[in-house]
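Colleague: just a sequence and a predicted model for now, questions to come.
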Amino acid sequence: MTDRFNTIAGWVLFAGIVALGLSIVSSMYFSADQPERPEQLGYVIEGVEVEGEADAGPALATLLASGSVEAGQATFAKCISCHSIEQGGANGIGPNIYASLGKPIGRVAAGYAYSAALAEKGGDWTYEAMDEWLASPRGFAPGTKMSFAGLSNPEERANVILYLHSNGGGPPFPQPPAEVEEPAAGDAAAGSSPVEQPSPAAAGAMSAQQPTADTAQTNPVGN
């Protein structure tokens with residue numbers, strides 16, 4: 001009985017070793033341990049935007065030209081727990097941000113200990129820089145102490161920038177891009193040059209100069 005059990009156990013063990021070896025060999029042969037991403041992924045679903053193809057939306061200058069200071073003030077209510085914006089206001093968890101537009105980044109409020117990420121950023125608070133900062137503070141200056149996640153809505157950011165501008169001013173606003181107007185179909189047709197028609201006198205003269213069939217037969221070329 002013991003010999004038979006040992007024989008069965010031995011065959012089971014041998015079969016397990018063979019199966020493991022075959023699995024290793026097959027995975028190496030078919031590169032199952034290093035899957036590759038196919039060049040064409042499944043089915044293309046119409047209407048789904050591919051990353052990087054999303055519409056960028058209106059330019060910042062356009063949003064600033066059509067924005068609202070009052071709407072920006074309402075959005076800024078999210079910030080007053082950390083920032084003061086009135087002239088001469090005290091620094092809190094965040095710095096006083098009165099007249100911050102156009103000033104050096106990380107140098108606006110005297111006496112405030114800015115994070116190294118912001119103090120070493122360099123440049124000025126342009127409208128574009130402020131828009132990027134409001135969209136994602138940590139994306140603009142990785143390592144910043146500011147924990148605010150940011151404003152994803154471009155119109156909301158433009159309104160806040162207008163509210164900042166109303167409290168201390170800033171550089172001149174950028175000019176919105178000029179809109180290119182397509183000519184109307186009627187205008188294009190009216191602008192085309194009409195075909196000049198010969199006058200009746202000229203038409204008669206041209207007809208007189210053309211030989212008739214009888215003349216061509218009695219006066220052949222070469223005579």
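Modeller: Looks like it arrived, so ask away. Keep in mind it's a predicted model, so treat the numbers as computed, not measured.
Colleague: helix or strand: which one has Phe5?
Modeller: Element membership for Phe5 (DSSP states H and E) is helix 2-29.
Colleague: in this protein, which ranges drop under the pLDDT threshold?
Modeller: 1-3, 25-56, 180-223 (pLDDT under 70).
Colleague: all helices of it, in order?
Modeller: Taking DSSP state H as the criterion, the chain carries its helices at 2-29, 60-66, 69-76, 116-119, 127-135, 137-140, 154-166, 185-191, 200-209, 213-218.
Colleague: ok, Ile161 - how many residues close by?
Modeller: As a burial measure, Ile161 scores 25 neighbours (other CB atoms under 10 Å). Every C-beta, even on glycine, is put in place using the N, C-alpha and C of the backbone.
Colleague: ah, wrong one, I meant Ala117
Modeller: The local packing of Ala117 (other CB under 10 Å) involves 17 other residues.
Colleague: just give me the neighbour total for the residue nearest to it when sequence neighbours are not counted.
Modeller: The spatial neighbour of Ala117 that comes closest, neighbours along the chain excluded (CB to CB, 6 or more residues apart in numbering), is Gly143 at 3.5 Å. Burial of Gly143, expressed as a neighbour count using other CB under 10 Å, amounts to 10.
Colleague: test my guess that Gly143 contacts Tyr114.
Modeller: No - between Gly143 and Tyr114 no contact is recorded; they are 11.3 Å apart, counting by CB atoms under 8 Å.
Colleague: circling back: report the buried residues of the helix holding Phe5.
Modeller: Residues of helix 2-29 classed as buried by neighbour count (16 or more other CB atoms under 10 Å): none.
Colleague: ok, Thr144 - contacts?
Modeller: Listed by CB atoms under 8 Å, 6 or more residues apart in numbering, the contact partners of Thr144 are 115, 117-118, 137-138.
Colleague: would you write a ChimeraX line that selects the buried entries of those residues?
Modeller: Once 16+ other CB under 10 Å is used to decide burial, the buried members of these can be selected in ChimeraX as follows:
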select :117,118,137
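Colleague: could you find the closest non-adjacent residue to Val108?
Modeller: The spatial neighbour of Val108 that comes closest, neighbours along the chain excluded (CB to CB, 6+ apart), is Ser100 at 4.7 Å.
Colleague: that neighbour: neighbouring residues, count only.
Modeller: Applying other CB under 10 Å, I find that Ser100 has 23 neighbouring residues.
Colleague: for stretch 109-121, how far is the first residue from the last?
Modeller: Between the start and the finish of stretch 109-121 there is a gap of 16 Å, counting by CA to CA, to the nearest Å.
Colleague: how far away is the residue nearest to Val108 from Ile80?
Modeller: Separation of Ser100 from Ile80 (CB to CB, to the nearest Å): 15 Å.
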